[in-house]
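Undergrad: got a predicted structure plus its sequence, pasted below:
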Amino acid sequence: MPSLLDDLSRAPDVQAPNLVAVDATDRLLLDDAAPLVEACGPGQVVVVGDQYGALTLGALGLLGARDVRVHTDRLTSEHALQANAGRAGLDGFTLHGLDADLLRGARVVLVQLPRSLAALDEIAGAVARHASPDVTLLAGGRVKHMTTAMNDVLRRHLSEVQAGLGRQKSRVLTARGPVPGPDAYPERQHHADLDLTVCAHGAAFAGTGVDRGTRFLLDHLPQAAPGAVDVVDLGCGTGLVACVVARTRPGTRALASDESAAAVASARATAAANSLDVTVVRDLGLSQQADDSADLVLLNPPFHTGATVHPGVARPLFTEAARVLRPGGELWTVYNSHLEHKATLARLVGRTEQVGRNASFTVTRSVVG
């Protein structure tokens, strides 16, 4: 099956000439894993962080793995894997959370290194607690994004860590000897100025902190559609904004939505920690919500796909917000000012005005006509 990896697609993720579905890290991980996978029985190979299916389908179609268990944080990645598997005529994998069901009895774990050290810490800790005592974890990444701190994180949970030789600007860290410890996630932090406890799993954006863009949006929240009843925190992260809405606007129905499994788990934990009634869903955009069903949408959109900055990442979220907002409904967006989303918001949503700007961020109000 020589063309298997070459035929993979990024869809439904952003498409662009400089964005690929398979990178050198995927290929290096599969090459390093080949002799280890050959010695594995069914259900003993696990993949974590597969972006578009290269690792999972490569393990199945090229290395002969069987009954591969997979965890991807992004729902986009799950959909891409399933679509690529259908086109390739491959099955034999199951999707899981980052938990014991994913890792129980695993002897080989293939990981695309996350950008966040906390995300890597949660993954490595779960491997140490739940995988087989003879597990080998292979974690690969692009050299320019790797640091020695990643080795240190792995050593907290696996006693032997070795860096392999680089190839095509990628490298694999090999770790063995699990040292099981308690599960530290979700982490918790109380913010006295908000009177709110924020909970975060490792891969959740900004962790237990309050990123500067979100804080700037919160400064303007009292002005946003004061009479709104149905309020959506789109791309909710830890659910901080939805929880502030639920606390400060009694009688509203707050919905928090994100495609990240870690974000959804974090948002649910944040709502529970503060005894707030917030509905949290894992979704691509707002596909589960009806047209004309919201009065206010609050959005701090992503602008990266992987390590690449791309303004197109936010556009599907703008379109979804416009669809679910009722006539006269408002979308309040905070974004890095250099991205200049205002014209796009006016085209996709409706009349858009700037309501706030500081050295880094812009807040806009878009009204559905």
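TA: Received, thanks. Residues are numbered from 1 along each chain as shown.

Undergrad: residue boundaries of the strands in the stretch 1-150 of the chain?
TA: Using DSSP state E, counting those that start in this stretch, the strands of the stretch 1-150 of the chain run over residues 45-48, 68-71, 93-95, 108-112, 136-142.

Undergrad: mean neighbour count for the ones you listed - can I get that in TSV?
TA: Where you see a C-beta, it was placed from the backbone N, CA and C, and this is true even at glycine. Converted to TSV, the strands of the stretch 1-150 of the chain look like this (neighbours: other C-beta atoms under 10 Å):
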stretch	mean neighbour count
strand 45-48	29
strand 68-71	24
strand 93-95	16
strand 108-112	26
strand 136-142	24
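
Undergrad: with C199 as the reference, measure out to A265.
TA: A265 is 9 Å from C199, where distance means C-beta to C-beta, to the nearest Å.

Undergrad: cool, R107 as well?
TA: Counting by C-beta to C-beta, the gap from R107 to C199 is 32 Å.

Undergrad: comparing those two, which shows the higher neighbour count?
TA: C199 (25 against 19; other C-beta atoms under 10 Å).

Undergrad: these two touch, right, R10 and A21?
TA: Yes: here R10 reaches A21: they are 4.6 Å apart, a contact under C-beta atoms under 8 Å.

Undergrad: list the contacts of the closest residue in space to L63 that isn't next to it in sequence.
TA: Counting by C-beta to C-beta, 6 or more residues apart in numbering, L63 lies nearest to V37, which is 4.4 Å off, once chain neighbours are set aside. Contact partners of V37, counting by C-beta atoms under 8 Å, 6 or more residues apart in numbering, are 45, 59, 63-65, 108.

Undergrad: now for those, which pair is the farthest apart?
TA: Spatial extent of these (C-beta to C-beta) is set by the pair G64 and V108 at 12.3 Å.

Undergrad: which residue is nearest the centroid of this protein?
TA: Centroid-nearest residue in the chain, with C-alpha atoms, centre = their mean: S260, separated by 3.8 Å.

Undergrad: my read: L348 touches E320, true?
TA: No: when contacts are counted by C-beta under 8 Å, L348 is not listed as touching E320 (9.7 Å).

Undergrad: follow-up on the earlier one: can I get the strands of the stretch 1-150 of the chain in TSV including distance to G235 and mean pLDDT?
TA: Formatted as TSV, the strands of the stretch 1-150 of the chain follow (distance: least, C-beta to C-beta, whole Å; pLDDT from 0 to 100):
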stretch	distance to G235	mean pLDDT
strand 45-48	22	98
strand 68-71	21	98
strand 93-95	21	98
strand 108-112	22	98
strand 136-142	25	98
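
Undergrad: and the residue lying closest to D26 once chain neighbours are set aside, how far is that from V143?
TA: The shortest distance from D26 to any non-neighbouring residue, by C-beta to C-beta, 6+ apart, is to A54 (3.9 Å). Going from A54 to V143 by C-beta to C-beta gives 18 Å.

Undergrad: those two: which is more packed in?
TA: Between A54 and V143, A54 has the larger neighbour count (other C-beta under 10 Å), namely 27 against 13.

Undergrad: any idea how far H130 is from the more buried one?
TA: For A54, the distance to H130 (C-beta to C-beta) stands at 24 Å.

Undergrad: domains for this protein, by residue range?
TA: With domains defined by automatic domain parsing, the chain comprises 5-178, 187-368.

Undergrad: and the end-to-end length of the longest one?
TA: What that stands for is domain 187-368. Length of domain 187-368, first residue to last, C-alpha to C-alpha, to the nearest Å: 38 Å.

Undergrad: give me the mean pLDDT for that domain.
TA: Averaged over domain 187-368, pLDDT sits at 95.

Undergrad: re the thing from before, does the residue nearest to D26 really touch L8, like I thought?
TA: Yes: contact criterion C-beta under 8 Å: A54 and L8 qualify, at 6.0 Å.

Undergrad: so where's the longest strand in the protein?
TA: strand 325-336 (DSSP state E).

Undergrad: what residues sit buried inside the helix or strand following that one?
TA: Per DSSP states H and E, strand 325-336 leads on to helix 342-348 as the next helix or strand towards the C-terminus. Across helix 342-348, burial judged by 16 or more other C-beta atoms under 10 Å covers 342, 344-345, 348.

Undergrad: okay, the angle between the helix or strand just after helix 342-348 and strand 325-336?
TA: Later in the chain than helix 342-348, the nearest helix or strand by DSSP H and E is strand 350-357. Angle, strand 350-357 to strand 325-336, by axes from the mean of the first three to the mean of the last three C-alpha atoms, to 10 degrees: 40 degrees.

Undergrad: strand 325-336 and the helix or strand following strand 350-357, what's the angle between them?
TA: Using DSSP H and E, the helix or strand that follows strand 350-357 in sequence is strand 361-368. Between strand 361-368 and strand 325-336, the angle comes out at 170 degrees (the same axes, to 10 degrees).

Undergrad: who touches strand 361-368?
TA: In contact with strand 361-368 (C-beta under 8 Å, 6+ apart) are residues 212-213, 216-217, 220, 224, 321-322, 325-337, 341-342, 345-346, 349-357.

Undergrad: mind listing the strands that strand pairs with, and their directions?
TA: strand 325-336 (antiparallel), strand 350-357 (antiparallel) (DSSP bridges).
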